[in-house]
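Visitor: Prediction below, plus the sequence it came from.
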Amino acid sequence: MGDLENLQAELKKAQITIKKLERELKLANTTIERNKVVEISKANLSKIVADKKSELEKYMNLLLENCPDIIMLFDRDGKIVYCTDAFLKRGHIPGFGIIQGSTYSTIFSRFTSPDFLAQIDNIYQQTYIHIKSVTAHETIDFGGDGNPRDYSIQTTPMINDKGRPMGIMVLFYDTTELLAAKREAERANVAKSDFLATVSHEIRTPMNAIIGISAMLKSTKLDNEQLNYLKNIENSSRILLGLINDILDFSKIEAGKLELIPEYFSLPGLLQHLQDMFKLLFSEKNLGFRCVWDDGLPEIIYGDEKRISQIIANLLNNALKYTEKGEVNFRVQKDPAPGDQDAAWIRFTVEDTGIGIREDALPRLFTAFEQLDPVRNKKIAGTGLGLVITKRLCGMMGGTISVKSEYNRGSVFTVTIPLQTGSPEDLSEKESALIDFTAPEARVLLVDDIDINLKIAAFLLDFYGIKPDLAKSGLEAIDLAAKNTYDLVFMDQMMPGMDGIEAAQHIRAKGGPLAELPIIALTANAVSGAREMFLTHGFTGFLSKPMDSDALALCLLKWLPEKLIVRK
């Protein structure tokens, strides 16, 4: 009985063990199956990664093979480890193996000059020492077939994960077409300048006649009707000359050739001149014109008086054109410049009661050749360049311009310009032009091929008691200069046969006193660079047509001997 019980107990234990083993077997089978899945997944993943890597390498190879630029990799010793196919093709090299392991000196000596090799040596050292990219430019004939190309060459250090350079990448970027386009643009710019010079001369020459004759007529006895006609001629001439000047100034700005010429000048004098000029213009339209200069404005400031005057005049002209009733207020204030007691921010504000500007049109306000409301403003003359030029000039001076406007209520334009202050002792001889003087003993030669231009210039010189000799050609001017002793010559630039430049050079070539004789160019060419061109071709100075009486006075005071100046 005891043996049977023991047997049953052992059997039960065996059954329990079997079940446990069955569970473990099942678990083992599950694990085996899972591992099989994992292995299969790993194999699939490895294949996917390998495929992707292969595909990426294929695309990378395609990229490098088809890259139009030359890319070359050099190790620390300057030996080549890689290059794009573009280099092999341009250099007519059958395969990379031919140059593999060669130094950059050996490779480039086939295509470049010793000077460029020395430059590359220096660049290589700079790249390693300073660990930065270096750019050079060179013309290289990689094919040796007489077809050199322009390249921008950039060397860049290849840095490892420890921040150390492992070698250098050299990129040759072909800039031949870009440089050709640049040269073409420069030629076009020169052509444009030549065209503008011609157009400037052709337009300003008759303008000189119109304005000059108007001044001559004004000095004669005229009845009221004739004076009214003359006033209309003067106003139309002023508008037309303003349009011409706007176009020329815009062209200079676009070409980056408009230069500021700063000097010390009287701020109250400038403001008074503008007030006197516009007071008459506003009164003709029955508009109120109120000027307020705040206390504390500097007496003398340093800046380009002509361009500052142009900025203010543009704003006042704008108010004049677009205001039909009411008034225009012109205010000038001084704001202290932080940290500089010798400087000041001068704020010019022009407020009108004109037609105003729509809010949606404000972003286009400073766009060239743009009229914001062409239907409403069809009777208003202008190029749409005034405010564009004003903004550019403000920017060149380090200043700002802003506008607030309400449609049908008016506008407020504010210009702020930083300017250095000075003292009366800083004023140049320009202020002396305000002094009345004559020079009746001065011997002056006037040269121009157009009769009316000679008459106008002679008329202006007559105010100073000067009776000039007249010449109508370059040859006649040379003959008179050789026979007579002159203190000053005014020479037209553009004359048929022998132009003013050639005539001036012939006079100078005679030597003696003629080599130092002051010869002033009279020209309607007002484009950028004209002044410099005349000074380098033997002229002493430059006067633009239409001739300005103040500029003429300055010229006479500057170049006539002091003993000939009779001050009143």
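Guide: Cool, the structure landed.

Visitor: in the longest strand seen in the chain, what's buried?
Guide: Across the chain, the strand with the greatest residue count (assigned by DSSP state E) is strand 410-422. Applying a neighbour-count criterion of 16 or more other CB atoms under 10 Å, one finds 410-411, 413-422 buried in strand 410-422. (Glycine included, C-beta is placed from N, CA and C.)

Visitor: Parallel or antiparallel, list what pairs with it.
Guide: Sheet partners assigned to strand 410-422 using DSSP bridges are listed as strand 300-303 (antiparallel), strand 343-352 (antiparallel), strand 400-406 (antiparallel).

Visitor: To residue 33, which of the ones you listed lies closest?
Guide: Across those, residue 33 has its closest neighbour in strand 400-406 (78.4 Å, CB to CB).

Visitor: Any buried residues in the closest one, and which?
Guide: 401, 403, 405.

Visitor: Confirm for me that residue 426 is in contact with residue 262.
Guide: No - between residue 426 and residue 262 there is no contact under CB atoms under 8 Å: 11.5 Å.

Visitor: out of the buried residues of strand 410-422, which one sits closest to residue 127?
Guide: Using CB to CB, the buried residues of strand 410-422 come closest to residue 127 at residue 418, 42.4 Å.

Visitor: quick one: the closest one from residue 260, how far?
Guide: Distance, residue 418 to residue 260, by CB to CB, to the nearest Å: 13 Å.

Visitor: Residues that sit against both of those two, list them.
Guide: residue 397 (CB atoms under 8 Å, 6 or more residues apart in numbering).

Visitor: For the residue lying closest to residue 107 once chain neighbours are set aside, give me the pLDDT.
Guide: Distances taken as CB to CB, 6 or more residues apart in numbering put residue 99 closest to residue 107, at 5.8 Å, once the chain neighbours are dropped. We have a pLDDT of 87 for residue 99.

Visitor: same question, residue 381
Guide: 48.

Visitor: buried set for stretch 206-226?
Guide: Going by 16+ other CB under 10 Å, stretch 206-226 has these buried residues: 206-215.

Visitor: ranges for the helices of the stretch 251-400 of the chain?
Guide: Assigned by DSSP state H, counting those that start in this stretch, the stretch 251-400 of the chain shows helices spanning 267-284, 305-322, 386-396.

Visitor: nearest to residue 67, of those helices?
Guide: Across the helices of the stretch 251-400 of the chain, closest to residue 67 is helix 386-396 (CB to CB), at 41.5 Å.

Visitor: which residues are contacting that closest one?
Guide: Residues contacting helix 386-396 (CB under 8 Å, 6+ apart): 246, 249-250, 253, 258, 260, 307, 310-311, 314-315, 317-318, 365-368, 400-401, 415, 417.

Visitor: after the longest strand of the chain, next one along is what?
Guide: strand 437-438 (DSSP states H and E).

Visitor: quick one: contacts of that next one?
Guide: So strand 437-438 is contacted by 464-466, 553, 556-557, 565-568 (CB under 8 Å, 6+ apart).

Visitor: quick one, strands of the stretch 451-568 of the chain?
Guide: Listed in chain order, the strands found in the stretch 451-568 of the chain under DSSP state E, counting those that start in this stretch are 469-471, 488-492, 519-523, 541-544, 566-567.

Visitor: from these, which stretch is densest packed?
Guide: Among these, the stretch with the highest mean neighbour count (mean count of other CB atoms under 10 Å) is strand 488-492, at a mean of 27.

Visitor: and the gap between residue 99 and residue 81?
Guide: Counting by CB to CB, the gap from residue 99 to residue 81 is 11 Å.

Visitor: Could you do residue 405 as well?
Guide: Per CB to CB, residue 405 is found 66 Å from residue 81.

Visitor: what do you get for residue 312?
Guide: Residue 312 is 66 Å from residue 81, by CB to CB.

Visitor: quick one: which of those two has more around it?
Guide: residue 312 (20 against 14; other CB atoms under 10 Å).

Visitor: how many neighbours does residue 394 have?
Guide: With other CB under 10 Å as criterion, residue 394 counts 19.

Visitor: for residue 148, that is, sorry about that
Guide: Residue 148: 15 neighbours (other CB under 10 Å).

Visitor: Kindly confirm whether my reading is correct that it touches residue 113.
Guide: No - taking contacts as CB under 8 Å, residue 148 lies outside contact range of residue 113: 11.4 Å.

Visitor: Give me the buried subset of the contacts of helix 386-396.
Guide: Neighbour counting with 16+ other CB under 10 Å marks 246, 249-250, 253, 258, 307, 310-311, 314-315, 317-318, 365, 401, 415, 417 as buried within these.

Visitor: So what's the residue count around residue 437?
Guide: Neighbours of residue 437 (other CB under 10 Å): 17.

Visitor: in the sheet, who's paired with it?
Guide: The partner residues for residue 437, given DSSP bridges, come to residue 567.

Visitor: returning to that earlier point: now render the buried residues of strand 410-422 as a markdown table, adding distance to residue 505 and pLDDT.
Guide: Listed next are the buried residues of strand 410-422 as a markdown table, based on distance: CB to CB, whole Å; pLDDT from 0 to 100:
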| residue | distance to residue 505 | pLDDT |
| --- | --- | --- |
| 410 | 57 | 89 |
| 411 | 53 | 92 |
| 413 | 48 | 93 |
| 414 | 50 | 94 |
| 415 | 44 | 94 |
| 416 | 47 | 93 |
| 417 | 42 | 93 |
| 418 | 43 | 91 |
| 419 | 41 | 89 |
| 420 | 40 | 88 |
| 421 | 44 | 87 |
| 422 | 39 | 84 |
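
Visitor: and residue 393, how many neighbours does it have?
Guide: So residue 393, with other CB under 10 Å, has 23 neighbours.

Visitor: The closest residue to residue 283 other than its chain neighbours pairs with what?
Guide: Nearest residue to residue 283, sequence neighbours excluded (CB to CB, 6+ apart): residue 289, at 7.3 Å. Assessed by DSSP bridges, residue 289 has beta-bridge partners residue 328.

Visitor: how many other residues sit next to residue 289?
Guide: Around residue 289 there are 19 residues (other CB under 10 Å).
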